[in-house]
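[1] Whatever this is, show me its structure:
(one chain, ligands or ions: 1)
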Amino acid sequence: MRTRIRWNPALVAALTGLALIAVLGILAPLLWNTQATELTGTAREGMSGSHLLGTDALGRDVLARTLVATRLTLVMTLAATALAALVGIVLGTAIWVSGPRVRELGLRLIDVLVSYPALILALVIAAVVGAGPTASVVAIGLGGCPSFARLTANMAASVAQRDFVTTARLMGVPPHRVLSRHLLPNISGPLLVLLSVAFANVLVALSGLSFLGLGVQSPQYDWGALLNSGLEALYTNPAEAIGPAVAITVTGILAGFVGDGLAAALDPRDTPTKPKPVREGTHRRPTGATAPTDALVAVDGLTVELPDGTRLVDHVSFHIRPGEIIGLVGESGSGKSLTAMAVAHLLPQGLTAHAAELRVGELDLTRPHTLDAARLATDIGIVYQDPSASLNPALRLGGQLTETLRVHQGVGRTEARERALKALDQVHIKDPERVVRQYPHELSGGMRQRAMIAAAVLPGPRLLVADEPTTALDVTVQAEVLRLLAEVNEANGTGMLFISHDIGVVGTLCHRVLVMYAGRIVEELDAADLRAGRAHHPYTQALLAASPRLEDAQEVSGRPLATIPGRPPTPRDRPAGCAFAARCHLAAEICATRLPPLVDKVACHVVNGTPATAAPKETAT
Ligand SMILES: Nc1ncnc2c1ncn2[C@@H]1O[C@H](COP(=O)(O)OP(=O)(O)OP(=O)(O)O)[C@@H](O)[C@H]1O
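    Modelled structure (predicted):
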């Protein structure tokens with residue numbers, strides 16, 4: 001979780017504003033010091049052409065004094081913010097590294113200090129250390145440090161539980177290096193946000209101290225001190241208070257905007273995630289095939305990318321007819337889940353999908369702004385791998401099952417309950433009346449997955465996406481759940497996208513199978529062909545050879561099961577040619593340099609007999 005800032009317009013505008021104020025702070029004493037200190041003899045004069053904000057009690061130009069005060073105000077604010085951050089981070093770190101008792105005591109103490117208003121704390125400190133700029137900085141800086149201490153201690157505690165910190169500790173990395181290399185870089189984002197918010201708070205607190213007469217003392221002046229003298233003449237010459245008041249407000253708001261902008265810039269969820277239509281001519285169809293008109297799901301040239309342009313899913317095209325079960329199979333990391341999630345319009349935040357066509361029924365996912373949330377929620381049902389993670393442990397099953405019906409379809413409580421009971425019955429859950437009153441933890445893993453399937457089919461979806469729905473279950477329950485999915489599909493005529501590592505399972509349940517490797521479809525085949533071992537792509541053949549089959553048990557007993565040597569390349573390391581070439585026993589020279597297109601449902605130069613010179617060049621970025 002290294003901090004990477006993605007600049008956004010609000011952040012740039014706020015930083016530019018603050019930079020301009022900082023430049024003003026540097027230049028103003030050089031340019032306008034004379035006007036700011038010159039006694040003109042016209043005390044408390046109102047706004048005029050020669051004194052835009054009038055003059056103060058001694059006849060000095062208020063605008064010039066406001067501008068000149070910028071430097072001292074900013075220097076004090078920066079110093080106090082830095083002090084608060086420094087002391088707070090050191091304190092927070094010390095609390096985190098100390099033993100459990102001291103840590104507990106320290107955290108409680110900090111909680112008390114955070115809940116105590118910083119200005120009051122600063123007033124107490126100022127009363128002890130005295131008035132003046134340095135004392136104000138110390139008072140406000142120390143008053144602001146508890147927030148930094150709490151954030152540091154809490155964030156460090158949460159990052160410290162992560163595997164890479166545990167590993168570093170086990171490897172004997174000294175605590176100060178664990179802190180500087182692993183902890184602080186990982187909490188620098190939130191600290192940066194707090195820093196800008198603290199800057200605004202410190203500015204207001206310092207101005208408050210000066211305003212109360214406990215901060216900067218004459219002849220020095222900051223915005224707070226100017227506000228104080230402006231207040232004396234608020235009714236006779238309100239302009240005198242306007243200058244410092246506007247300066248404090250604008251600077252504080254800009255610092256707040258920087259905090260907001262940083263929070264957005266550091267939040268990985270803030271990047272665009274919606275599928276976008278492909279720009280004309282940028283992507284060509286891998287198969288040249290168009291989805292049939294009766295297709296329920298039509299995916300053409302689907303590409304899923306990271307913000308840096310790395311392709312995780314690369315030009316995937318397929319279709320699903322109503323009632324058809326399509327299997328997506330491939331090793332871990334081949335892009336199965338992302339393909340399915342793009343179809344379900346549920347891509348993880350930070351990823352972007354492009355496609356020439358991405359449609360489920362009438363839902364055009366390439367035009368997210370046209371999508372109706374209710375249709376989306378009811379037309380696509382999802383069964384996840386781990387039902388314990390996808391069911392809310394704090395809610396009874398009845399409420400969870402009926403939620404979509406009630407929220408998106410406006411079904412009344414009684415009818416929703418009736419339908420939930422029926423759906424539970426359809427997935428062979430005994431005593432549905434009792435189950436709807438139970439919490440997820442009261443059910444077995446298999447029961448939870450059935451309940452999950454019931455929840456997914458309850459709103460009557462046209463497409464069911466099942467992402468490795470049996471992986472978390474034991475073998476006997478797996479078979480039941482697969483049977484159940486087949487039943488539901490047949491009974492409801494739902495299209496299904498079924499994802500699995502297991503080519504055997506996919507061959508049994510599905511009608512057609514798409515084999516994925518390194519983000520691309522490398523072969524498409526009928527399940528019957530798969531079951532009969534009629535696969536063409538060397539990768540599909542290798543998957544089949546690595547999959548145990550009951551009928552082969554006798555024949556292979558004593559022999560180890562075939563394995564596929566090597567590992568798939570990571571999305572950033574994919575070669576220019578066939579991603580499987582390095583592991584393929586048939587690989588020819590061309591495979592290393594040219595990406596094989598999907599021709600006759602197989603993406604393989606060797607199988608398709610592509611002449612070396614005729615192979616089209618595609619770039620896999
Ligand atoms: N949110 C994400 N941010 C960055 N990379 C991601 C993200 N989600 C997935 N990936 C990467 O995209 C690639 C494809 O992931 P995907 O989850 O689709 O694979 P998969 O075939 O479903 O694997 P598995 O069977 O292990 O779930 C992988 O390399 C994975 O590390």
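
[2] burial of Gln349, as a residue count?
    Applying other CB atoms under 10 Å, we find 11 residues neighbouring Gln349. C-beta: built from backbone N, CA, C; applies to glycine.

[3] actually Asp294, not the one I typed
    Other residues near Asp294 come to 8 when the count uses other CB under 10 Å.

[4] Gln385 too?
    Gln385 sits with 19 neighbouring residues when counted by other CB under 10 Å.

[5] Please verify my assumption that it contacts Asp467.
    Yes: using CB atoms under 8 Å as the test, Gln385 is close enough to Asp467 to be in contact (5.6 Å).

[6] For the stretch 101-250 of the chain, give me the ranges with low pLDDT.
    Where the stretch 101-250 of the chain drops to pLDDT under 70, the residues are 161-164, 166-173.

[7] rerun at 90
    Filtered on pLDDT under 90, the stretch 101-250 of the chain yields the residue ranges 101-136, 138-140, 142-144, 146-147, 150-197, 205, 208-220, 225-244.

[8] can you map out the helices along it?
    Using DSSP state H, counting those that start in this stretch, the helices found in the stretch 101-250 of the chain span residues 118-129, 133-160, 163-170, 175-177, 184-211, 223-232, 239-266.

[9] Format the ones you listed as TSV; extra columns: mean neighbour count.
    Supplementary listing: the helices of the stretch 101-250 of the chain in TSV, determined by neighbours: other CB atoms under 10 Å:
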stretch	mean neighbour count
helix 118-129	17
helix 133-160	22
helix 163-170	13
helix 175-177	11
helix 184-211	23
helix 223-232	23
helix 239-266	20
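
[10] closest to Ala10 out of those helices?
    Comparing these against Ala10 with CB to CB, the closest turns out to be helix 239-266 (4.5 Å).

[11] Next one: the closest residue to Leu509 other than its chain neighbours, what pLDDT does it get?
    Nearest residue to Leu509, sequence neighbours excluded (CB to CB, 6 or more residues apart in numbering): Leu482, at 5.4 Å. Taken from the predicted model, the pLDDT recorded for Leu482 is 85.

[12] Please, where are all the strands along the protein?
    All strands of the chain, identified by DSSP state E, fall at 276-277, 297-305, 311-320, 325-329, 352-355, 357-360, 363-364, 380-383, 463-467, 495-500, 512-517, 520-526.

[13] So which residues on the chain come close to the ligand?
    Contact residues of the chain with respect to the ligand, defined by CB under 6 Å from any ligand atom, are listed as 306, 312, 330, 332-338, 348, 350-351, 501, 570-571.

[14] got a list of what Val12 touches?
    With contacts taken as CB atoms under 8 Å, 6 or more residues apart in numbering, Val12 has the following neighbours: Gly261.

[15] Quick check: it vs Thr352, distance?
    Taking CB to CB, to the nearest Å as the measure, Val12 and Thr352 are separated by 22 Å.

[16] Check Gly59 too.
    When CB to CB is applied, the distance between Gly59 and Thr352 equals 62 Å.

[17] returning to what we had before: any chance of the helices of the stretch 101-250 of the chain in JSON lines with distance to Asn8 as columns?
    Shown next, in JSON lines, are those (distance: least, CB to CB, whole Å):
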{"stretch": "helix 118-129", "distance to Asn8": "29"}
{"stretch": "helix 133-160", "distance to Asn8": "23"}
{"stretch": "helix 163-170", "distance to Asn8": "29"}
{"stretch": "helix 175-177", "distance to Asn8": "34"}
{"stretch": "helix 184-211", "distance to Asn8": "13"}
{"stretch": "helix 223-232", "distance to Asn8": "29"}
{"stretch": "helix 239-266", "distance to Asn8": "6"}
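
[18] Looking at the ones you listed, spot the one closest to Leu105.
    For these, distance to Leu105 was read as CB to CB. The smallest value, 11.8 Å, belongs to helix 133-160.

[19] just checking, what packs against the closest one?
    Other elements packing on helix 133-160 under the criterion 3 or more CB pairs under 8 Å, 6 or more residues apart in numbering; DSSP states H and E are helix 62-97, helix 100-115, helix 118-129, helix 184-211.

[20] still on that earlier bit, so can I have JSON lines of the strands of the chain showing mean pLDDT?
    Supplementary listing: the strands of the chain in JSON lines, determined by pLDDT from 0 to 100:
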{"stretch": "strand 276-277", "mean pLDDT": "42"}
{"stretch": "strand 297-305", "mean pLDDT": "94"}
{"stretch": "strand 311-320", "mean pLDDT": "94"}
{"stretch": "strand 325-329", "mean pLDDT": "95"}
{"stretch": "strand 352-355", "mean pLDDT": "92"}
{"stretch": "strand 357-360", "mean pLDDT": "92"}
{"stretch": "strand 363-364", "mean pLDDT": "90"}
{"stretch": "strand 380-383", "mean pLDDT": "89"}
{"stretch": "strand 463-467", "mean pLDDT": "92"}
{"stretch": "strand 495-500", "mean pLDDT": "94"}
{"stretch": "strand 512-517", "mean pLDDT": "95"}
{"stretch": "strand 520-526", "mean pLDDT": "94"}
